[in-house]
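Trainee: quick one: sequence plus predicted model below, questions after.
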Amino acid sequence: MAEHTETKYLPNYLEYQGKHKGLLGWLTTTDHKRIGLLYFYSMMTFFLAGVVMGLLMKFELISPGEQIMGAQTYNGLFTLHGLTMIFLFVIPGVAAVYGNFFLPILIGAKDVSFPRLNLMSWYLYILGAIVVLSSQFMGDGPPDTGWTFYAPYSLKTQTNVVAAVTGAFILGFSSILTGLNFVVTMHRLRAPGMGWLRMPLFAWSLYGTGWIQLLATPIVGITFLMVIAERLLGIGFFDPAIGGDPILYQHLFWIYSHPAVYIMILPAMGAITEIIPTFARKTIFGYTAIVISSMAIAFVGYFVWGHHMFTSGMSSTSRWVFSLLTFLVAIPSAIKVFNWTATLYKGSINIQPPFLWAISFIFVFMIGGFSGLVLGSLATDIHTHDTAFVVAHFHYIVFGGTGFAFFGALHYWFPKMFARVYNTKVANIGLLIFFIGFNMLYFPMFYLGLIGMPRRYYDYLPMFHNANILSTVGSWILAIGLIIIIVNLFRARKATGKIVDDPWDGKTLEWTTSSPPIVENFEEIPVVDHGPYEY
Amino acid sequence: MYSGASNFVTATDTAFVVIIGISVIFLVGITAIMLWFIYRYSKKRNPVATQIHGSNTLEVVWTIIPTILVLVMFFYGWAGYSPMRNAPKDAMKIRATARMWSWMFEYENGIKTDTLYVPLDKAVALDLISVDVIHSLYIPAFRVKEDMVPGKTNKMWFIAQKEGKYELFCTEYCGLSHSYMFTEVKVLPQKEFDAWYARMSDTTLQAEAAKTPGVKGKQLVQMNGCIACHSVDGSKLIGPSFKGIYGQTHSVITNDKEREVVVDDEYIKRAIYEPNDDVVKGYTKGMMISYKEQLSEAEIAEIIEYLKTLK
């Protein structure tokens, strides 16, 4: 900007020195942008560890029989892979990193409503992670229950379930407090003139997510406490041998864990909704419809948990009611896909890496969604339930959905966050390889499930061999793509001016501030007099 | 697809065809439209975008059409599933018991097997029992699956419509050897089935066979799933192999202390009733549950006779 000489220099959030300097400055920060990066670095560490575990599991499955590990190790590994990916990566996911970094900027605020609570949420996250991981090294060996901790197996196994469950309980608080913080921030801190229907759609998706975090997470918290109490004191909530009910555990677990899928996917959809208009140079098609569909997903998502239990021996009535409700929750997701596609119509599309990530997201998310219809329908779920089909489905949603959106958002906001420019050609090549590997890894699992291969299988019959080879080779291609993507971002060069301040000609508020953003985001709080995507 | 192996295959596979068919049409259609837009409206071909804020008509159209389609899918899913809940009254009853990590099928005349034998073209109703954790009985070719939940009895029924052998898997993760917990369904024509059934329940024949030492014990060991974890050929599975075990001296861990025991009648009885009291060194504690409810002392004596024959 030309007025540089007139305004006093304002330090950006990376160079700002408060009471503490260096690392201590980061560990005591209450700046939402720094907290966003604290989440980013810790989550990326856990994500990459989870990827390595996944690769080891896929390698073990390249052939029938033992390759590199025994059954107990494998069972511990898929448990740890699930715990790491679900609780440490995708649940905080897009919301904790980009929500923290961008929500206040997108609504024209200086920070979230409760900055210190925000820092505490990160500490709870780290504490929870340490306790979860301590289960690997303490007690009687790594938990082997799967991330679902189904009773009564989780009550009978000799492995260190208590530590893992305690860690997940603590992580729940981190999630609840982040949700609370975001909801209050949106109610209280929108810039002057920013009515609810002028909020960017990423913010709206965080609003829906925040309410799910607030209302659903306590249920899994108390459920985990009941598991701990049962293991330590033999109370008898869930173990039928002492008068409990294992189905009760499944209800309680899924009353949270199904809405949790929307905690994972809603912010991802929100991030994609930011990317598409920017690169189509066009306002979003059907703003209100997208807002309503986000809220509808958040609301209806509470009432579909029973579809995880179609074979559990639930009553016939509850099976068809849950099936019907499950089909209804598919509709708002379809509406979003239609609106994204319609936004491209008569646009002026600037094909850049974030846009290609968004398009890839829509494609893999559609496959995830359509395969979900197979699982929501009763007769077809009976056949595919607890088979490799389910594993393929939720990896298409959670990795294909949330994971692709996470990397898409990273490529979109990278210049803003770090004031660095990455090589777009290498980014595209990385994405292409990653995309091919992803589909080769997970698509064969649909086939394996349809021909009857159960999930959580350490070893398998020869009839399942060929598709497993394809899947394992896919995992290697995916890993190569991921390495290219990450190395490319590491090698991004420093830059200043428009190329990082507003590289994509975006219209939302984060593109009006400098890169990296200054402490408290804006020199002056902006006044908003139009919708978020006015081109 | 449409193999007709059971009475549920056609309706289930129709639901698959309807759902996957509609899905593929939409997936291909939307992807093609998206790619066409990206090509047609690229910056190069369309330098200035036209601002369109939305269309209520379109929003209504693309809400109503998917709603109708998902209701159609729901209907096919429900229609395929609904008959699975109502077993005919005259169905042949079999009691299926799952435990870590083996199956046992008990017929109306009391015979027990580890393979599920069923007659062709006759309704079979299974009572699903688990004695430890949750298992799930899954016969992919028949399109049936239902969890076996300890403390309650779930139900399943089907009519096998094609002779042959089919895989039967456990699909609910149940611990260490979950992936080895499978067996077979053998579908026999009614006549052959009847012959097998009569042979198995012929008491004089069975009594004759039982005179040979170890024969009865061998049956008990197979039916109770012992050999899922204890091999008879010396190979190391989850527990020590049965081969040559009788009379051997083993190092066991009792209350965290190591001691030596001789595998005699008394030790074998304790190892079956209180398996976690003395765990053989090198094996994991807690893998085996007590068989106090399942095996009488007389039956254990038969098992010991069998173990003596495994040299």
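Mentor: That came in fine, so what should we check first?
Trainee: mind checking the SS state of A:V300?
Mentor: Under DSSP: H, G, I helix; E, B strand; the rest coil, A:V300 falls in the helix class.
Trainee: how much space separates it from A:L325?
Mentor: Per C-beta to C-beta, to the nearest Å, A:V300 is found 7 Å from A:L325. C-beta: built from backbone N, CA, C; applies to glycine.
Trainee: same deal with B:D194?
Mentor: Distance from B:D194 to A:L325, by C-beta to C-beta: 47 Å.
Trainee: between these two, who's got more neighbours?
Mentor: Between B:D194 and A:L325, counting by other C-beta atoms under 10 Å in any protein chain shown, A:L325 is the more crowded of the two (19 against 12).
Trainee: could you say what helices and strands the helix or strand containing that one packs with?
Mentor: Element membership of A:L325 [criterion: DSSP states H and E] is helix A:316-344. Packing partners of helix A:316-344 (3 or more C-beta pairs under 8 Å, 6 or more residues apart in numbering or on different chains; DSSP states H and E): helix A:246-280, helix A:287-300, helix A:353-376, helix A:378-384, helix B:9-40, helix B:56-81.
Trainee: columns mean neighbour count on top of the ones you listed, output as JSON lines?
Mentor: JSON lines is the format used below for those (neighbours: other C-beta atoms under 10 Å in any protein chain shown):
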{"stretch": "helix A:246-280", "mean neighbour count": "25"}
{"stretch": "helix A:287-300", "mean neighbour count": "20"}
{"stretch": "helix A:353-376", "mean neighbour count": "23"}
{"stretch": "helix A:378-384", "mean neighbour count": "27"}
{"stretch": "helix B:9-40", "mean neighbour count": "17"}
{"stretch": "helix B:56-81", "mean neighbour count": "17"}
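Trainee: A:G82 is nearest to which of those helices?
Mentor: helix A:246-280 (11.3 Å; C-beta to C-beta).
Trainee: quick check: residues of the stretch 201-311 of chain B near chain A?
Mentor: B:T284, B:K285, B:G286 (C-beta under 8 Å from any C-beta of the partner chain).
Trainee: how about JSON lines for these, with distance to A:F434 and secondary structure added?
Mentor: Putting those into JSON lines (distance: C-beta to C-beta, whole Å; DSSP: H, G, I helix; E, B strand; the rest coil) gives the following:
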{"residue": "B:T284", "distance to A:F434": "40", "secondary structure": "coil"}
{"residue": "B:K285", "distance to A:F434": "44", "secondary structure": "coil"}
{"residue": "B:G286", "distance to A:F434": "42", "secondary structure": "coil"}
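Trainee: got TSV for those residues, with distance to A:L489 and neighbour count too?
Mentor: As requested, these are exported to TSV (distance: C-beta to C-beta, whole Å; neighbours: other C-beta atoms under 10 Å in any protein chain shown):
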residue	distance to A:L489	neighbour count
B:T284	44	15
B:K285	48	12
B:G286	46	14
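Trainee: and which of those residues is nearest to chain A?
Mentor: B:G286 (3.8 Å; C-beta to the nearest C-beta).
Trainee: surely the closest one is in contact with A:T157?
Mentor: Yes - counting by C-beta atoms under 8 Å, A:T157 is a contact partner of B:G286 at 7.3 Å.
Trainee: what's the residue nearest the centre of chain A sitting at in phi/psi?
Mentor: For chain A, the residue nearest the mean C-alpha position is A:V90 (3.0 Å; C-alpha atoms, centre = their mean). Dihedral pair for A:V90: phi -80, psi -30, per degrees, to the nearest 10.
Trainee: list the contacts of residue 166.
Mentor: Defaulting to chain A. A:V131, A:F224, A:I228 (C-beta atoms under 8 Å, 6 or more residues apart in numbering or on different chains).
Trainee: chain B, not that one
Mentor: Neighbours of B:Y166 in contact, by C-beta under 8 Å, 6+ apart: B:A5, B:I139, B:P140, B:A141, B:F142, B:E184, B:V185, B:V187.
Trainee: can you give me the strands for the stretch 51-200 of chain B?
Mentor: For the stretch 51-200 of chain B, the strands defined by DSSP state E, counting those that start in this stretch cover B:92-99, B:102-107, B:112-113, B:116-119, B:123-130, B:135-139, B:144-148, B:154-159, B:164-170, B:182-188.
Trainee: flag every buried residue along the one helix or strand A:W204 maps to.
Mentor: For A:W204, the host element (DSSP H and E) is helix A:201-233. Residues A:201-214, A:216-217, A:219-221, A:223-224, A:226-228, A:230-231 are the ones in helix A:201-233 that count as buried (16 or more other C-beta atoms under 10 Å in any protein chain shown).
Trainee: any idea how far the closest residue to B:Y117 other than its chain neighbours is from B:F193?
Mentor: Leaving aside its sequence neighbours, B:Y117 sits nearest to B:K186 (C-beta to C-beta, 6 or more residues apart in numbering or on different chains; 5.1 Å). Distance of B:K186 to B:F193, given as C-beta to C-beta: 9 Å.
Trainee: over to the closest residue to chain B within the stretch 401-535 of chain A: give its phi and psi.
Mentor: At 2.8 Å from chain B, A:G452 is the closest residue in the stretch 401-535 of chain A, using C-beta to the nearest C-beta. Dihedral angles of A:G452 (phi, psi; degrees, to the nearest 10) stand at phi 110, psi 10.
Trainee: what's the answer for A:L61, then?
Mentor: Dihedral angles (degrees, to the nearest 10) for A:L61: phi -90, psi 10.
Trainee: tell me the pLDDT of it.
Mentor: Looking at A:L61, its pLDDT is 96.
Trainee: with B:G225 instead?
Mentor: With respect to pLDDT, B:G225 has a value of 76.
Trainee: now do B:F8
Mentor: pLDDT, B:F8: 95.
Trainee: right, and it touches B:F158 too?
Mentor: Yes - in this structure B:F8 lies within contact range of B:F158 using C-beta under 8 Å: 6.3 Å.
Trainee: just want the angle from the helix holding A:L325 to helix B:56-81.
Mentor: Per axes from the mean of the first three to the mean of the last three C-alpha atoms, to 10 degrees, the angle that helix A:316-344 makes with helix B:56-81 is 150 degrees.
Trainee: so in chain B, where's the weakest helix or strand by average pLDDT?
Mentor: Lowest on mean pLDDT, DSSP states H and E among the helices and strands of chain B sits helix B:203-210, with a mean of 69.
Trainee: going on from that one, what's the next piece of helix or strand?
Mentor: Following helix B:203-210 in sequence, per DSSP H and E, is helix B:215-223.
Trainee: how far off centre is that next one?
Mentor: Centroid separation between helix B:215-223 and its chain, computed with C-alpha atoms, centre = their mean, to the nearest Å, is 21 Å.
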